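Q: need a structure here:
(chains A and B)
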There are 2 protein chains.
Amino acid sequence: MTLAAGIDVGGTKCLGIVIDVDAEISSEHDIIREVRYPTPHASKLVDTLTELAIELGEVETISVGVPGLITLDGVMRASPNIPGSVDVAVKSELTTKLRRPIYVDNDGNAAALAEWRFGAGRGARNMWMVTLGTGIGGGHVVNGEVQQGVNGFAGEIGHMVVHPDGPRCTCGRKGCWEVYASGRGLRMLASGEPGENVIERARHGETDAVAVLEAYARWVAIGISNVTNVSDPDVIVIGGGVSEAADIIMPMIRRWFVETLYSPEQRKHPDLRIAQLGEHAGAIGAALLPRFATAT
Amino acid sequence: MTLAAGIDVGGTKCLGIVIDVDAEISSEHDIIREVRYPTPHASKLVDTLTELAIELGEVETISVGVPGLITLDGVMRASPNIPGSVDVAVKSELTTKLRRPIYVDNDGNAAALAEWRFGAGRGARNMWMVTLGTGIGGGHVVNGEVQQGVNGFAGEIGHMVVHPDGPRCTCGRKGCWEVYASGRGLRMLASGEPGENVIERARHGETDAVAVLEAYARWVAIGISNVTNVSDPDVIVIGGGVSEAADIIMPMIRRWFVETLYSPEQRKHPDLRIAQLGEHAGAIGAALLPRFATAT
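A: Have a look, this model is predicted:
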């Protein structure tokens, strides 16, 4: 038994868990301890993470998944969803406070690792995890290695430009994929109606709601087609809010994927799968970080 | 001394060379033999490659770079620029004819390998090669390994969708990157005027021509920003026709790249470099294939 703590820093909460990384994680029951704190202003983030880690108790390793651009030495350069987050040295400050080595990575990479090891991506050789939440997170696992890129910034797929004259993204540019295919994007395509409403109405067959979901599914498909054209994965795991409406949205996404992928009839397609680990993916993946290699 | 033959199959010609893969290749003078044949109809391709290989003489290895979707076992599934190319078993047929093992890969991957080993990408840890020719070719070398993807189809970056309601691409979809950022794209943006004309007129300061090049450079930047957001490389090598007008176009591309990249002020940017091996990149890279590992 090797107890490992993983903490997932989200826009609203920090979710910490302890798992046994020698065992299989097949459901929430395999989570040994769980602690939640509201996410504070970035200036208090390290204090909160310190308290949370202490509350999680005795473990072998402590690891954190953080949203936004995270350098290879664990500095959060910028994270649109955490106020004040410019150059927060999460890894070095937390190491000092807790007096032990700390592992830090991007939350999208952590979630990808978790789904690859214990979730929908099991057995994949080349897997993308795409989290369609408030924004869009991405992580790429090839032959069991998380692809980091030279600065640690690989997988920022939400900011692929898919319509250069489109609406402005929170990042300042125009027509990023996230503008259309995130939870916010769904609401925009629905002229402000909350996504859950649209989904509920579409389930009841209301044609205007179905049309909005079709438009949304097309934008989702465009981004995952682009990722497929770039790296030809065997599995794409789709997580985030949309995965709770998989029954109605996934068939649409699959249909549009064939329309937007290059030469769809000449190739084996990646398996499009729904994420299985839900809100725990980021924390479980963080706990796994010390066990898995990362590649440039 | 290890003599290796590399053959690059292009839309108009097949270019075969022999190099010593134990030596440095620093200029055309290091090419030991060179043979050119017009590219035939796909039904005659293997015959032509056989003749060409025989004419190249005694060598240790024979390798071919082929455009389009190439499976990991060397079948050309489809190549828009070679008439009749559906399911041509280049590797197995050539192996039978020449009675020896043959290495086959996509021409974009081959060119990337050549520029990484002997050209503009020397020393890169995570390098994209982008060839802006009639279409767009791509190849990705990470830690000295060509990234193939699970079917061998990674690097098809020309077909990232960057404007879903844009003009139709030769592949049948709409608004692929190649529609705008290829040589054909430049001509389209110039309302049919040949690219060389526009470049020449822009060099003379004609404002309408400069405006066309700016629009073109923006499209080029959008695609290389997307690739950077996905995989965070340290070097992007730009080849193809545009590299001959680098003096005027590269400054524009660099400027637009900063406009289109996610969080440009928070990160080290990839080095944007001009390809150095010119029309020989594909053939040199093919010759190198037996020496370098490939990754899923």
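Q: Which residue ranges of the stretch 1-150 of chain A form strands?
A: For the stretch 1-150 of chain A, the strands defined by DSSP state E, counting those that start in this stretch cover A:3-9, A:13-20, A:33-38, A:61-66, A:69-70, A:76-78, A:86-88, A:102-106, A:126-132, A:136-142, A:145-147.
Q: between those, which gets nearest to A:Leu189?
A: When the strands of the stretch 1-150 of chain A are compared by C-beta to C-beta, strand A:126-132 sits nearest A:Leu189, at 12.9 Å. The C-beta positions use only the backbone N, C-alpha and C, and glycine is treated the same way.
Q: who does the closest one touch, helix- and strand-wise?
A: helix A:107-118, strand A:136-142, helix A:207-231, strand A:235-240 (3 or more C-beta pairs under 8 Å, 6 or more residues apart in numbering or on different chains; DSSP states H and E).
Q: how about that strand as PDB, C-alpha atoms only?
A: Written as PDB, here are the backbone C-alpha positions of strand A:126-132 (Å, rounded to 0.1, in the frame of the first residue of the first chain):
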ATOM      1  CA  ASN A 126      -2.200   7.700 -27.700                       C
ATOM      2  CA  MET A 127      -5.000   9.400 -25.700                       C
ATOM      3  CA  TRP A 128      -6.400  12.900 -25.500                       C
ATOM      4  CA  MET A 129      -8.500  13.900 -22.600                       C
ATOM      5  CA  VAL A 130     -10.700  16.900 -23.400                       C
ATOM      6  CA  THR A 131     -12.600  18.500 -20.500                       C
ATOM      7  CA  LEU A 132     -15.500  20.700 -21.700                       C
END
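Q: Mind listing the strands that strand pairs with, and their directions?
A: Sheet pairing of strand A:126-132 (DSSP bridges) gives strand A:136-142 (antiparallel), strand A:235-240 (parallel).
Q: what angle sits between the last one and helix A:207-231?
A: Calculated by axes from the mean of the first three to the mean of the last three C-alpha atoms, to 10 degrees, strand A:235-240 forms an angle of 140 degrees with helix A:207-231.
Q: for strand A:235-240, what is the average pLDDT?
A: Per-residue pLDDT values over strand A:235-240 give a mean of 96.
Q: circling back to that earlier point, now the strands paired with strand A:126-132 as TSV including distance to B:Thr228?
A: As requested, the strands paired with strand A:126-132 are arranged in TSV below (distance: least, C-beta to C-beta, whole Å):
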stretch	distance to B:Thr228
strand A:136-142	13
strand A:235-240	20
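Q: Need the winner for burial among those strands.
A: strand A:136-142 (a mean of 28; mean count of other C-beta atoms under 10 Å in any protein chain shown).
Q: how far does that one sit from the chain's center?
A: Remark: strand A:136-142 is offset 7 Å from the chain centroid, using C-alpha atoms, centre = their mean, to the nearest Å.
Q: Send me it as PDB with only the CA atoms.
A: The C-alpha trace of strand A:136-142 is given here as PDB (Å, rounded to 0.1, in the frame of the first residue of the first chain):
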ATOM      1  CA  ILE A 136     -11.700  23.700 -22.000                       C
ATOM      2  CA  GLY A 137      -8.800  21.600 -20.600                       C
ATOM      3  CA  GLY A 138      -6.700  19.200 -22.500                       C
ATOM      4  CA  GLY A 139      -4.100  16.500 -21.700                       C
ATOM      5  CA  HIS A 140      -2.200  14.100 -24.000                       C
ATOM      6  CA  VAL A 141      -0.800  10.700 -22.800                       C
ATOM      7  CA  VAL A 142       1.400   8.900 -25.300                       C
END
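Q: Would you format the strands of the stretch 1-150 of chain A as a markdown table with distance to A:Arg267 and mean pLDDT included?
A: A markdown table is the format used below for these (distance: least, C-beta to C-beta, whole Å; pLDDT from 0 to 100):
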| stretch | distance to A:Arg267 | mean pLDDT |
| --- | --- | --- |
| strand A:3-9 | 35 | 97 |
| strand A:13-20 | 37 | 97 |
| strand A:33-38 | 42 | 97 |
| strand A:61-66 | 33 | 96 |
| strand A:69-70 | 33 | 90 |
| strand A:76-78 | 37 | 87 |
| strand A:86-88 | 42 | 89 |
| strand A:102-106 | 29 | 95 |
| strand A:126-132 | 14 | 97 |
| strand A:136-142 | 18 | 96 |
| strand A:145-147 | 21 | 95 |
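Q: For B:Ile284, which of those strands is the nearest?
A: For the strands of the stretch 1-150 of chain A, proximity to B:Ile284 was assessed by C-beta to C-beta; strand A:136-142 is nearest, at 26.3 Å.
Q: what's the angle between the closest one and strand A:102-106?
A: Using the same axes, to 10 degrees: strand A:136-142 against strand A:102-106 is 110 degrees.
Q: how far off strand A:61-66 does strand A:136-142 point, in degrees?
A: Going by the same axes, to 10 degrees, strand A:136-142 makes 130 degrees with strand A:61-66.
Q: Specify the angle between strand A:136-142 and helix A:107-118 in degrees.
A: Counting by the same axes, to 10 degrees, strand A:136-142 lies at 50 degrees to helix A:107-118.
Q: circling back to that earlier point, out of the helices and strands packed on strand A:126-132, which one sits most buried?
A: Highest mean neighbour count among the helices and strands packed on strand A:126-132 (mean count of other C-beta under 10 Å): helix A:107-118, a mean of 30.
Q: same for it, what does it pack against?
A: strand A:3-9, strand A:61-66, strand A:126-132, strand A:136-142, strand A:145-147, strand A:235-240, helix A:281-288.
Q: So what touches the shortest one?
A: Contact with strand A:145-147 is made by A:105, A:109, A:112-113, A:139-141, A:154-155, A:292-296, B:142, B:231, as judged by C-beta atoms under 8 Å, 6 or more residues apart in numbering or on different chains.
Q: picking that back up, can you tell which of the helices and strands packed on helix A:107-118 is closest to A:Ile82?
A: Closest to A:Ile82 of the helices and strands packed on helix A:107-118, according to C-beta to C-beta: strand A:3-9, at 7.3 Å.
Q: Return the list of helices and strands in contact with the closest one.
A: In this structure, strand A:3-9 makes packing contacts with strand A:13-20, helix A:45-56, strand A:61-66, helix A:107-118, helix A:281-288, judged by 3+ C-beta pairs under 8 Å, 6+ apart.
Q: Would you mark the buried spots in the second one?
A: This means helix A:45-56. A:Leu45, A:Val46, A:Thr48, A:Leu49, A:Thr50, A:Leu52, A:Ala53, A:Leu56 (16 or more other C-beta atoms under 10 Å in any protein chain shown).
Q: is it true that the fifth one touches A:Leu98?
A: Yes - taking C-beta atoms under 8 Å as the contact criterion, A:Thr50 and A:Leu98 are neighbours in contact, 6.3 Å apart.
Q: got the contact list for A:Thr294?
A: For A:Thr294, the contact set (C-beta under 8 Å, 6+ apart) comprises A:Asp105, A:Asn109, A:Glu145, A:Val146, A:Gln147, A:Gln148.
Q: Having no further points to raise, I will conclude here.
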